[in-house]
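With the sequence up front, the predicted model follows.
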Amino acid sequence: MAAYDTNNIFAKILRGELPCHKVYEDDHVFAFLDIMPRSPGHTLIIPKAAARNILDISAEDYAHVARGTHKIAGVAMKAFKADGITVQQFNEPAGGQVVFHLHMHVMPRKDGVALLPPASRKEDPKVLEEHARLLIAALASA
């Protein structure tokens, strides 16, 4: 397994070098909207710890990611009036990982509506702003 790259896109987002639509942050995790969502409200939860993937993170730091994922999944159900949630996490190229900073995908789902293919289209920033607003409001009332 390759070493963690401190210049990966998510590390740059954590350092504030690249913009994002942040929806949640605590001492251990950071959650923001995917700019190429597979469903409305597609959110990424990442550790603040430098970890390439699940094979490269301490159990304690991974537990924080799991708790953050649980929190976002619950509010995403409410915010998007979802019928279900898909949670995904990929490790190394053979496992489908593209960005090499551990991240969990939380995708609100509607019955009968397929996920868009990965990286198939970039979402309009105004739509992302509205989705972030919905998630932040649901977090505030949780």
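Now that the structure is in, tell me what you want to look at.

what number of residues lie near residue 65?
Counted with other Cβ atoms under 10 Å, the neighbours of residue 65 add up to 24. All C-beta atoms are positioned from the backbone trio N, CA, C, and that covers glycine.

my bad, residue 91
Count around residue 91 with other Cβ under 10 Å applied: 16.

Can you give me the pLDDT of it?
With respect to pLDDT, residue 91 scores 97.

Can you classify it as helix, strand or coil?
What DSSP: H, G, I helix; E, B strand; the rest coil gives for residue 91 is coil.

ok, the closest residue to it other than its chain neighbours to residue 129 distance?
Leaving out its chain neighbours, the residue that sits closest to residue 91 by Cβ to Cβ, 6 or more residues apart in numbering is residue 53, at 4.2 Å. Residue 53 sits 30 Å away from residue 129, going by Cβ to Cβ, to the nearest Å.

Please identify which of those two sits among more neighbours.
It is residue 53, of residue 53 and residue 129, that has more neighbours when counted by other Cβ under 10 Å, with 19 against 12.

longest helix of the protein?
Identified as the longest helix of the chain according to DSSP state H is helix 59-79.

for it, packing partners?
Helix 59-79 is packed against strand 22-25, strand 29-33, strand 43-47, strand 84-88, strand 104-109, helix 125-140, with contacts defined by 3 or more Cβ pairs under 8 Å, 6 or more residues apart in numbering; DSSP states H and E.
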